[in-house]
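Trainee: Okay, here's the prediction I keep looking at, along with the sequence it came from:
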Amino acid sequence: MNKSKFGALGVYTVLYLAFLYIPVLFIPLFSFNDSIYIAFPLKEFTLQHYVDMIERKPLINALYNSLQVGFSVSVISTIFGMLAAKTFTKYHIPGTKPLTAFISIPLVIPLIILGISLLTVLKYFDIKLSLFTVGAAHTVICIPFAMFVLISRLEGFDKSMEEAAQDLGETPWITFWRVTFPLAMPGIIASLLLCFTISFDEFILAFFLGSDQPTLPLYMWSQLRFPAKLPSVLALGSVIFLTSFAVVCFAEWVRRRGVQTQTGAAI
Amino acid sequence: MSDESFISIKNISKHFGNVRACDDVSFDIRRGEFFALLGPSGCGKTTLLRMLAGFEIPTMGEIFIDGQPMAAIPPYERPVNMVFQSYAIFPHLTVAQNIGFGLRKDKLPKAEMDKKVDEALEMIAMAGYGHRGADELSGGQRQRVALARALIKKPKVLLLDEPLGALDKKLREQMQLELRDLQREVGITFVFVTHDQEEALTMSDRIAVMAAGKALEIDSPVDLYEKPKTPFCADFLGTMNFFEGSVDSIGGGEAVIKTAEVGSLKSKGPNMDFSTNDRVMAAIRPENIEVAFEQPSSGSFITGKVRASAFLGDRAHVYINVEGRKDPVLTAMQNMDGAASQMSGQDHTVWLTWSDEAVILLPQDAS
């Protein structure tokens, strides 16, 4: 074993993880600090920032806006993603690869470009900016995620399941509800959670396409101008951080559980 | 509709791009028959079965089931049910829900539906398994559930795609007999696909041997084995020794074939439909060749040396080198009183004899 080489890699790993996580951990840390300034040394422990957070009406409104958008976006994106995934896994239509690539383009367009272009289009057609326009933009970027999650799920189970259902007398439509949908359930849940998370903390599109009803990230950003209000933003940041983390873990757990029952059943 | 052509396959072709999976196939299947589609992988047998089920649409030709044209009928309205190769048991449903899956449309009262499912469970000797999850079943049980699920619909035809392929050897042999009994009991026409010639011979009333998208021969297992009409069938069903040659004389139910490898061969077998100087294959089954350690006093024989033998317990396959012939001649002998174990030593000189009736004449392949 080359000990010195391992040591160098170990140092690299520690530095990498530190750089990645320590700044994030500052947020919860200072959210419990009894001071409006983010600076060491730490003062007393307090929950006051959390109390402030709950008592601020605009903040709760922004949270509600974000939940509304996130919920709608996740459902709509998952439906569209399911349609695309079903098409690409069931039919060997020519041009499947270019088509999937085409649908995934929003993933690689910088959000700022996407935001500006969508804004231009909305202005051209004189569509009023609102939570609807934000939701529509989020749907555009969420569909590819939903599609890929669902493609991997649909590819995971035996195609003859659907044929068997049809063979037993069910139309393709009923087959979808009696067989495909329950089998794809873990993928559907994963897709819903993933799309919700993406929409929930998206900033740029919401900034370009939002109106006087800000989503949560927009509201938080606007509060940064007032130092006195920063700590309650930190408190909210901590809550969101924890919630996103929990949601993503849950989605991954559901997905893995699905994979396991699938392989278990195949034996 | 006559029982002779209960299922009628008329000039069916199926092309996938440039590949001709089925190429102008025509034959009839009788009512109540256990019919096998046998062939190597890629011969088009599964494609043909899937066309019967309605999952593939023929490029050309027509299929009739009980006199009814199938062209415009989708899979969910065909009077056929299928046992899939993977069994396709729904993993999110219990055994009872799987078996009752196809009954939803019948709109039966719950009690009656439960009764039907219970009867089906009994038929497959799995009474009491109804509440188990699909993932708690063994391979053999999954196969039975797939069968019950298809048969509960009382189809006119049951299609089986390599139904025993996923089972181990002992279970496979047991299921062969059970399937056979079940088919007689329910009286439904069974069409099954297999690449296993032994399985086809054991189970079916008739076999269609398929190769390269064509149905080469359709006959009963015994006739296919004993009176093959093509070298492919002769070779695919069991094993065969081929001797290339040409017809020297023919007539009166016998022929003499001139071969380069073993001289003249006399044949009193089937297929005398040749004329002098036709290029033919003279074919002899390994079990029809008798191996002697001493020169026979009369009759035709050839000599050779034992090259190798494969001891199979109840019998042995002995490979014998014959001078002037590249491939060894394969013989099969019963291990009666340890006869086969004498073959273990190499380089014995042996004499090979056979009856003239065992020599089958076949046309040489165009290729």
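Mentor: Sure thing, it's come through.
Trainee: How about the contacts made by residue B:303?
Mentor: By Cβ atoms under 8 Å, 6 or more residues apart in numbering or on different chains, the residues touching residue B:303 are B:295, B:322-323, B:349-352. Where you see a C-beta, it was placed from the backbone N, CA and C, and this is true even at glycine.
Trainee: cool, residue A:184 as well?
Mentor: A:82, A:150, A:153-154 are the contacts of residue A:184 under Cβ under 8 Å, 6+ apart.
Trainee: Selecting buried members of those residues in PyMOL, what would you type?
Mentor: Those of those that count as buried under 16 or more other Cβ atoms under 10 Å in any protein chain shown are selected in PyMOL with:
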select buried, chain A and resi 82+150+153+154
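Trainee: In helices, which of the contacts of residue A:184 appear?
Mentor: Residues of the contacts of residue A:184 located in helices (DSSP state H): A:82, A:150, A:153-154.
Trainee: Now for these: which two are most distant?
Mentor: Spanning the widest gap among the ones in helices among the contacts of residue A:184 are A:82 and A:153, at 9.7 Å by Cβ to Cβ.
Trainee: now for stretch B:150-165, what's the gap between its first and last residues?
Mentor: Distance between the two ends of stretch B:150-165: 18 Å, counting by Cα to Cα, to the nearest Å.
Trainee: any residue of it up close to chain A?
Mentor: Yes. Judged by Cβ under 8 Å from any Cβ of the partner chain, stretch B:150-165 and chain A are in contact via B:150, B:153.
Trainee: mean confidence for that stretch?
Mentor: For stretch B:150-165, the mean pLDDT works out to 89.
Trainee: Over to stretch A:247-254?
Mentor: 78.
Trainee: interface residues of chain B facing chain A?
Mentor: B:53, B:55, B:74-77, B:80-82, B:84-86, B:88-92, B:101-102, B:104-105, B:134-135, B:149-150, B:153.
Trainee: just curious, which of the ones in helices among the contacts of residue A:184 is nearest to chain B?
Mentor: Nearest to chain B, judged by Cβ to the nearest Cβ, of these is residue A:153 at 13.2 Å.
Trainee: Look at the spatially closest residue to the closest one that is not a sequence neighbour and give its secondary structure.
Mentor: Closest residue in space to residue A:153, ignoring its immediate chain neighbours: residue A:187 at 2.8 Å, by Cβ to Cβ, 6 or more residues apart in numbering or on different chains. Using DSSP: H, G, I helix; E, B strand; the rest coil, the structure places residue A:187 in helix.
Trainee: Residue A:187 contacts residue A:154, doesn't it?
Mentor: Yes. At 7.2 Å, residue A:187 counts as touching residue A:154 under the criterion of Cβ atoms under 8 Å.
Trainee: Contacts for stretch B:163-181, please.
Mentor: Contacts to stretch B:163-181, defined as Cβ under 8 Å, 6+ apart, come from residues B:34, B:83, B:85-87, B:139-140, B:143, B:146-147, B:160, B:190, B:192, B:194, B:196, B:199, B:202-203.
Trainee: which of the residues you listed count as buried?
Mentor: B:34, B:83, B:85-87, B:139-140, B:143, B:146-147, B:160, B:190, B:192, B:194, B:196, B:199, B:202-203.
Trainee: thinking again about what came up before, give me the buried entries from the residues of chain B next to chain A.
Mentor: Buried positions within these, assessed by neighbour count (16+ other Cβ under 10 Å), are B:53, B:55, B:75-76, B:80-82, B:84-86, B:88-92, B:101-102, B:134-135, B:149-150, B:153.
Trainee: In helices only, show me those residues.
Mentor: Among those, the ones falling in helices (DSSP H) are B:53, B:149-150.
Trainee: host element of residue B:305?
Mentor: Element membership for residue B:305, per DSSP states H and E: strand B:302-311.
Trainee: ok, that strand: who's next to it in the sheet?
Mentor: strand B:315-321 (antiparallel), strand B:349-353 (antiparallel) (DSSP bridges).
Trainee: interface residues of the stretch 51-200 of chain A facing chain B?
Mentor: A:157-158, A:160-161, A:163-171, A:178-179, A:182-183.
Trainee: Which residues are in contact with residue 61?
Mentor: With no chain named, the answer covers chain A. residue A:213 are the contacts of residue A:61 under Cβ under 8 Å, 6+ apart.
Trainee: my bad, chain B
Mentor: Residue B:61 neighbours (Cβ under 8 Å, 6+ apart): B:9-13, B:24-26.
Trainee: now swap in residue B:275 and tell me
Mentor: B:247, B:250.
Trainee: quick one: it is in a strand?
Mentor: No. Looking at residue B:275 with three-state DSSP, it is coil, so not inside a strand.
Trainee: for it, phi and psi?
Mentor: phi -130, psi 170 (degrees, to the nearest 10).
Trainee: same question, residue B:206
Mentor: phi -140, psi 150.
Trainee: In CSV, list the contacts of residue B:61 along with pLDDT, neighbour count and secondary structure.
Mentor: Formatted as CSV, the contacts of residue B:61 follow (pLDDT from 0 to 100; neighbours: other Cβ atoms under 10 Å in any protein chain shown; DSSP: H, G, I helix; E, B strand; the rest coil):
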residue, pLDDT, neighbour count, secondary structure
B:9, 91, 24, strand
B:10, 91, 17, strand
B:11, 91, 12, strand
B:12, 90, 24, strand
B:13, 91, 16, strand
B:24, 90, 14, strand
B:25, 91, 25, strand
B:26, 91, 13, strand
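Trainee: What is the nearest of these to residue A:9?
Mentor: Closest to residue A:9, out of all of the contacts of residue B:61 and judged by Cβ to Cβ, is residue B:13, at 62.2 Å.
Trainee: tally of neighbours for the nearest residue to the closest one once chain neighbours are set aside?
Mentor: Take residue B:13 and drop its neighbours on the chain: the residue closest to it by Cβ to Cβ, 6+ apart is residue B:60, 4.3 Å away. Residues near residue B:60, counting by other Cβ atoms under 10 Å in any protein chain shown, number 13.
Trainee: how close does residue B:60 sit to chain A?
Mentor: Using Cβ to the nearest Cβ, to the nearest Å, we find residue B:60 at a distance of 21 Å from chain A.
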